[in-house]
Structures are given as structure tokens and as C-alpha cells.
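[1] This is a predicted model, with the sequence first.
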Amino acid sequence: MTGEVYLVGGAVRDRLLGRPAGDRDWVVVGSTPQAMLDAGFRPVGADFPVFLHPESGEEFALARCERKQGRGYRGFEVFSDPSVTLEQDLLRRDFTINAIAEDASGRLIDPHGGVADIEARLIRHVSPAFVEDPVRLLRAARFLARFAPLGFRLADETAALLRQMVADGEVDHLVPERVWQELQRGLAEPRPSAMLDCLRESGALRVILPEVDALFGVEQRAEYHPEIDAGVHTGMVLDQCARLAPGDALIGFCGLTHDLGKALTPPEVRPKHPGHEHSGLAPLRRLCERLKVPRDYAEQAAVCCREHLNVHRLDELRDETVLKLIERCDGFRRPERITRLGMLCEADKRGRKGLANSPYPQRTELDRLHAAARSVQARDLDLQGLSGPQIAERLQRARVAAIRAARGG
């Protein structure tokens, strides 16, 4: 293979941060697509020249420049040529901490001060061309969700640039698939509330997630929610979801959407929110349809939205009502839905000011009652002479009895 090869991007950044190594990406300067093919590399890039190493499978991209040609993240013309320098390739990258290269001897090439920004814990854009790709705003928010626990924050000039991107309408051109992709990844990071804060402070939240943005400024009852604000509560729940289920974006999505109904409570009724668990289903459905959220996410989020208050007052529910809750969630065919519901409810309880470490016995109890009900199978019952609805009724009675017995009744 001709040309000079450099390790770039996240692998260099994470090594400098002392983080575990992930995928390694390489850039090749001074080569051509034909030279890569002749060396046994396999092409995978449709829009620009990216190749897979014949043995390691790692990605090697030819150095390239990008030029804006239209609105949105697709409006780019890519130029790749042996004359493109490493510095030109690094210039097109989003953040300085991602625009550091390393040569074969371990020497760092850092034309934009990425090392200094790592030391200062700053996420800073590389160049004014940052504004040309609205996906970068979502990436900034996602990077904050990942790196805020390490003390990172947005550079002031980058925060101002994000606000300008929203004001200029660049975010309006994002396609749902890319919004969902970045949102999903951000929800799996250690501090997703930092992503939410970034989107809100830039003004992007009201554009891409208006149902969530509407929660901010909505008052809740102080005796149950010392943090008062429903939007603040949502961010706290997100962080508890990340704490209870690290890396689980599905649980995070349930935390993001479980209280959407509170934004619809009439002002004269607040700070109480009667029926918000049901009124939240319509905005949840709209959000999922608009962003083309996967079906399993949408269905689990609906379960959590509708049932979370029932789990909070589980001890007050009759045995028959507990069984109906499990059935509504399709908990016999999809037992994982009950497990996730309990986890979301624990995050909901702990996602309140001063309650981050409070016990939540309802989660364990729900799992225990669910297991008791699941232990009863039709094949284990005497159903002789019964048919149709009679069998279903007999099975329900047996499951209610199992729940009652598990409760010590």
C-alpha cells in the first residue's frame, strides 16, 4: 500500500483520556483507491473512499476534504486525492478532541489544539465549517452525555455556534433516522441528562423533541418532587436509568418519555397531574411515529408511561388488579417488559431531588409477584370438562391465588 498511515479520531482521544480502546480508524495520505485495492483492501464507502483491512477488518479512509453543496447533513461534495494533506483531513472533523492523529512512531499531530482541550476538558469545534452539518449538533450533545462525568463541558464559542445553527434553521433539515440514531446512542451514555441540557440550551430540543421540551417549566407537587420542574425531573430520571441499566438505551427512552402527559395538564390543575399516565400516550405515539422509533422501544415506553403509577402503589393494588397489570403488559409472553417496567419505576422514584439512593421495594415485589403468576401454567391445572372461556377463567383464578399466596395472603 502506498501513502502514509495515521491513527485518527476516537482511538487517539480515548488513549489520551486513559479510556478503554474501542474501534481504531485510520487515514491514508498520498494514496489512491486503486492502490488500496491492489494491496488487498476491500472497499465499503459509497460516498467517499473507505476500505477494510484484509486481515484486521479495521477501516482505512483516504484523506479527504468536504465542501458544502446544500442544506442538511447530506449536502456535501467529497474530494479525495493523493494531494490532500493530513492537516486538511483533520480540518473537516467535528471537535478538536477528535482531530488528533498519531503516526507509526507514536508522534501526535495536533493542529487544532485537541490535546490542550482534553486537558482543559473542553468540547470545541474545529472550524466554522462545523455549522454546515446539523448532525454535529446532535453529536455535541451525545459527546456531553459521554464525557460530562469526566468534567467536560462545551466551549463557550461552540455553545454559541449551536444556538446559531438552530436559529439558522439547519436543524430543521435533519432526517428522523439520524435524529433517532444519535438520540439512541446518547441515551446509552453515562449521563444522558447532559445531552438533554445541551439540546435545550441550544434551542434544538423544541425542534426535535417538542414533547420533552414542553415539560420544562411544568410545576409538580413539592412533597413528591422536591425538584419541582418536570423537565428537570426527566433529566434526573435519565441519569438514574443510566445508573441502573448502564448502556441500555431502551430503558433510557422509557425514562425520557414516561411523564410526557404532565405537559398537557391544564395550568389551573397543576401542580397535580391527574391522569398524566394516560394523557402521555398520545404525545409518546406522535414522537415515536415522527422519529421512526423501533417498535420494541415504542411498546415498552407505552407500558412504562401507562403503568408507572400503578407500580408505585403496588402494595395498594388488589391481587386481581396485579394480574390485570401483568396481562396488559403482555407479561406472560414478554416477561422482560415487567422487568424493565420495574427498573424504570425505580429510576422514576430515585430521579428526584434528595432521593437518588432511596430504596424502592416495589421493583423486587413486582418481580416476585410476576414470577408467582408465571409459575402457573394451564398444563398444570385440572381442566377436564372445561373449554374456551372457562379455561381462561380457571387459569386466571389460579394465577390470582398464586399472587395472593406470594403476598402471604
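    Received it, and whenever you're ready, just let me know what you need.
[2] Residue 299 sits in which helix or strand?
    helix 295-312 (DSSP states H and E).
[3] For that helix, output the C-alpha coordinates as PDB.
    What follows is helix 295-312, C-alpha atoms only, in PDB (Å, rounded to 0.1, in the frame of the first residue of the first chain):
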ATOM      1  CA  ARG A 295     -41.400  -1.000  17.700                       C
ATOM      2  CA  ASP A 296     -39.900  -2.600  20.800                       C
ATOM      3  CA  TYR A 297     -38.900   0.800  22.100                       C
ATOM      4  CA  ALA A 298     -42.300   2.300  21.400                       C
ATOM      5  CA  GLU A 299     -44.200  -0.500  23.000                       C
ATOM      6  CA  GLN A 300     -42.100  -0.700  26.100                       C
ATOM      7  CA  ALA A 301     -42.200   3.100  26.600                       C
ATOM      8  CA  ALA A 302     -46.000   2.900  26.300                       C
ATOM      9  CA  VAL A 303     -46.100   0.300  29.100                       C
ATOM     10  CA  CYS A 304     -43.900   2.400  31.300                       C
ATOM     11  CA  CYS A 305     -45.900   5.600  30.600                       C
ATOM     12  CA  ARG A 306     -49.200   3.900  31.300                       C
ATOM     13  CA  GLU A 307     -48.300   1.700  34.300                       C
ATOM     14  CA  HIS A 308     -45.700   3.500  36.300                       C
ATOM     15  CA  LEU A 309     -48.100   5.000  38.900                       C
ATOM     16  CA  ASN A 310     -49.600   1.500  39.400                       C
ATOM     17  CA  VAL A 311     -46.200   0.100  40.300                       C
ATOM     18  CA  HIS A 312     -45.600   3.000  42.700                       C
END
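[4] for it, which positions count as buried?
    297-311 (16 or more other CB atoms under 10 Å). Bear in mind the C-beta positions are built from the backbone N, C-alpha and C, glycine included.
[5] Work out the gap between it and the centre of the chain.
    Here helix 295-312 shows a centroid-to-chain-centroid distance of 17 Å under the convention CA atoms, centre = their mean, to the nearest Å.
[6] swap in stretch 100-110?
    On CA atoms, centre = their mean, the centre of stretch 100-110 falls 32 Å from the chain's centre.
[7] Now the element after the lowest-mean-pLDDT helix or strand in the chain, going C-ward?
    When each helix and strand of the chain is scored by mean pLDDT, DSSP states H and E, strand 76-80 comes last, with a mean of 64. Proceeding C-terminally, strand 76-80 gives way to helix 86-91 as the next helix or strand, assigned by DSSP H and E.
[8] quick one: average pLDDT of that following helix?
    Regarding helix 86-91, the rounded mean pLDDT is 92.
[9] what packs against it?
    Other helices and strands packing on helix 86-91, by 3 or more CB pairs under 8 Å, 6 or more residues apart in numbering; DSSP states H and E, are strand 4-8, strand 25-29, strand 64-68, strand 108-109.
[10] Mind checking the ones you listed for the one nearest to residue 208?
    Between residue 208 and the helices and strands packed on helix 86-91, the tightest spacing by CB to CB is seen for strand 64-68, at 21.3 Å.
[11] which residues of the chain score low on pLDDT?
    For the chain, residues meeting the criterion pLDDT under 70 lie at 1, 45-48, 67-79, 382.
[12] quick one, strands of the stretch 51-200 of the chain?
    59-62, 64-68, 76-80, 101-102, 108-109, 122-123, 153-154 (DSSP state E, counting those that start in this stretch).
[13] ok, and which of these has the densest surroundings?
    Highest mean neighbour count among the strands of the stretch 51-200 of the chain (mean count of other CB atoms under 10 Å): strand 122-123, with a mean of 23.
[14] Right, I'll leave it there.
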